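Novice: Provide a 3D model corresponding to the input given below.
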Amino acid sequence: MLDQMFIMFETLEDIFWTYGGIPMLLGLGIYLSFKSGWFQIRQLSTVFSIFKSFMTQESSDKQRGVNPMYAFFASVGGCIGVGNVISVCTAVQVGGPGAVFWIWVAALLGMLVKYGEIYLGVKFRIKDKADSYFGGPMIFLKKVPGGAILAPIVTILMCLYGVEVYMFKIMTHSMSVGWGINQYIVIAMLLFLVLGIGQGGVKLVGKMSSFVIPLFLVGFSGMSLWVFAMNFAKIPAMLSSIFVHAFTAHAAVGAFAGSTMMMAMSHGIRRACYTADIGVGYAATIHAETSEAVPQKQASLGIMDIILDTFVICTLSMFVILLTDTWHQGISEDFVVAVAFAKYFPYVDVIWPFFIFLLGYSSLLAFFVSGRRSAMLLSPKYGAQLYLLFAAAAFVFFSFYGTPAQTMAVMSIVGTLLLMINLYGLFWLRDEVVFDLKQK
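Specialist: Okay, here's the model as predicted:
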């Protein structure tokens with residue numbers, strides 16, 4: 001029964017992405033790129049300047065909302081997670097080296113989609129009773145045709161997406177296997193850390209992520225660059241294979257089953273959207289709590305999200321497994337990067353679960369906070385308590401049932417539905433979005 005259900009989920013994932021998510025993302029991304037004069041490239045230097053100014057900006061407890069950088073780190077904490085070193089590598093394992101190219105394409109076009117959804121989230125946000133704001137697709141979708149039906153549907157989907165069962169499953173497996181800890185103990189510990197600390201909201205998650213993310217970036221980047229240096233002669237051939245196989249079929253190699261151009265495109269785009277949270281509305285919900293009053297300034301941080309997530313961490317991960325040839329050796333997706341690192345660094349089997357914990361914990365917290373906020377919108381009185389029970393039950397269930405690929409399919413289906421609905425809303429409200437970082 002459960003096996004048939006998970007097979008159905010994987011089939012639905014392919015259908016939704018092939019006929020809905022991928023064409024809508026590419027179509028709207030290309031449209032917004034031309035409409036804005038390729039804003040994501042043309043004003044990139046201004047994006048960096050705004051990011052730098054936010055880094056030095058002092059926060060005040062008297063302001064409504066949270067410091068813009070806390071909102072950024074809470075959002076990027078959800079982006080830079082297990083997906084950066086696992087799900088994107090799965091895309092390469094299934095779609096071949098060409099999947100890397102399509103991940104880059106989706107990220108480049110997705111920058112404007114993410115910018116647009118954050119912009120609308122900040123522009124149409126509402127004040128809440130906690131001296132903060134509430135915004136996101138569940139608010140701005142009310143302004144589009146059919147919004148009275150779509151807004152509550154998205155709110156329910158955001159509740160489901162907020163319980164990140166794929167990352168929870170990967171974390172429990174990595175920590176129990178890597179450190180030899182009983183799985184029940186790991187599950188109990190993570191439940192306490194996520195459900196307990198998650199009550200602190202965006203500000204607390206942002207503070208934690210502002211410490212965890214830089215720590216991970218330094219460590220992971222340093223190890224990756226060392227692997228690059230040790231395989232410097234292979235880099236030209238690797239880059240060539242990425243671009244060649246983005247448009248051609250790739251023959252079966254080792255445990256790799258062979259890939260067509262469409263397979264590389266499909267898996268590259270869907271994993272890019274998952275790891276960078278493009279179009280799902282999560283980023284809009286988090287960034288809407290900012291104290292920044294100018295929507296385009298806060299929205300520009302969405303572009304920085306994708307730069308760090310996809311063009312730095314994801315690219316490092318994919319290059320590491322391509323250069324070390326571990327991508328086609330049939331290694332489990334949650335250990336493929338670890339096996340690659342183990343060729344050059346001792347004690348990786350001990351360090352790797354710690355990396356996964358650093359990544360996964362900040363992501364689990366960020367998603368949980370977003371989902372909890374959505375549940376409270378559905379039921380201000382009982383939403384928070386019911387969401388705790390739902391999250392605990394879902395985390396425990398998926399820890400024991402379904403493969404990582406099947407669990408990913410569940411998350412991907414919810415993400416695709418959110419993507420399609422939010423892109424519809426963004427298209428209708430496209431003239432509300434200002435693609436000019438100098439305009440107030």
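Novice: Now do the helix or strand A237 falls within: everything it contacts.
Specialist: Element membership for A237 (DSSP states H and E) is helix 235-244. The contact list for helix 235-244 (C-beta atoms under 8 Å, 6 or more residues apart in numbering) reads 97-98, 100-101, 228, 319, 322-323. For glycine as for every other residue, the C-beta is placed from the backbone atoms N, C-alpha and C.
Novice: for this protein, where's the lowest mean pLDDT among helices and strands?
Specialist: Lowest on mean pLDDT, DSSP states H and E among the helices and strands of the chain sits helix 197, with a mean of 69.
Novice: Please report the distance of the nearest residue to S379 once chain neighbours are set aside from A393.
Specialist: Nearest residue to S379, sequence neighbours excluded (C-beta to C-beta, 6 or more residues apart in numbering): L386, at 6.9 Å. As judged by C-beta to C-beta, to the nearest Å, L386 and A393 stand 11 Å apart.
Novice: Which of those two has more residues huddled nearby?
Specialist: Using other C-beta atoms under 10 Å as the criterion, L386 and A393 rank with L386 on top: 15 against 11.
Novice: what about the more buried one, helix or strand, and which?
Specialist: Using DSSP H and E, the element containing L386 is helix 383-400.
Novice: in that helix, what counts as buried?
Specialist: By neighbour count on 16 or more other C-beta atoms under 10 Å, the buried set for helix 383-400 is 383, 387-388, 390-391, 394-396, 398-399.
Novice: Give me the residues contacting it.
Specialist: With contacts defined as C-beta under 8 Å, 6+ apart, helix 383-400 is touched by 159, 162-163, 165-166, 168-169, 172, 183, 187, 190-191, 194-195, 368, 371-372, 375-377, 379, 407, 410.
Novice: Please apply the same query to stretch 300-313.
Specialist: The contact list for stretch 300-313 (C-beta under 8 Å, 6+ apart) reads 40, 44, 46-48, 50-51, 54, 68, 71-72, 75-76, 79-80, 84-85, 103-104, 107, 110-111, 114-115, 117-118, 213, 217, 220-221, 272, 275-278, 283, 287, 437.
Novice: Please work out the average pLDDT along that stretch.
Specialist: For stretch 300-313, the per-residue pLDDT values average out at 90.
Novice: For that stretch, C-alpha coordinates in CSV please.
Specialist: The C-alpha trace of stretch 300-313 is given here as CSV (Å, rounded to 0.1, in the frame of the first residue of the first chain):
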residue,chain,number,x,y,z
SER,A,300,17.3,42.4,-3.9
LEU,A,301,18.5,40.2,-1.1
GLY,A,302,16.6,37.4,-2.8
ILE,A,303,19.1,37.6,-5.6
MET,A,304,21.9,37.3,-3.0
ASP,A,305,20.1,34.2,-1.7
ILE,A,306,20.4,32.5,-5.1
ILE,A,307,24.0,33.6,-5.6
LEU,A,308,25.1,32.0,-2.4
ASP,A,309,22.9,29.0,-2.7
THR,A,310,23.2,28.0,-6.3
PHE,A,311,26.2,29.7,-7.8
VAL,A,312,28.4,29.1,-4.8
ILE,A,313,27.4,26.1,-2.6
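Novice: Off-centre distance for that stretch?
Specialist: Per C-alpha atoms, centre = their mean, to the nearest Å, the displacement of stretch 300-313 from the mean C-alpha position of its chain is 10 Å.
Novice: Return the per-residue confidence for the closest residue to D349 other than its chain neighbours.
Specialist: Distances taken as C-beta to C-beta, 6+ apart place G178 nearest to D349, at 5.9 Å, with adjacent residues excluded. On pLDDT, G178 comes in at 76.
Novice: G178 contacts P353, doesn't it?
Specialist: Yes - G178 is in contact with P353 according to C-beta atoms under 8 Å; the separation is 3.6 Å.
Novice: Surely F48 forms part of a strand?
Specialist: No - F48 is assigned helix when assessed by DSSP: H, G, I helix; E, B strand; the rest coil, not a strand.
Novice: Apart from its chain neighbours, what residue comes closest to it?
Specialist: What sits nearest to F48 in space, not counting adjacent residues and going by C-beta to C-beta, 6+ apart, is M304, at 7.9 Å.
Novice: can you count the residues close to that neighbour?
Specialist: Residues near M304, counting by other C-beta under 10 Å: 19.
Novice: can you confirm it is in a strand?
Specialist: No - counting by three-state DSSP, M304 is located in no strand; its state is helix.
Novice: where does it sit relative to V218, distance-wise?
Specialist: According to C-beta to C-beta, M304 and V218 sit 17 Å apart.
Novice: Turn the buried residues of helix 383-400 into a markdown table, including distance to K127.
Specialist: Output for the buried residues of helix 383-400, formatted as a markdown table (distance: C-beta to C-beta, whole Å):
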| residue | distance to K127 |
| --- | --- |
| G383 | 18 |
| Y387 | 22 |
| L388 | 25 |
| F390 | 27 |
| A391 | 27 |
| A394 | 31 |
| F395 | 32 |
| V396 | 36 |
| F398 | 36 |
| S399 | 38 |
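Novice: No further queries at this time; thank you.
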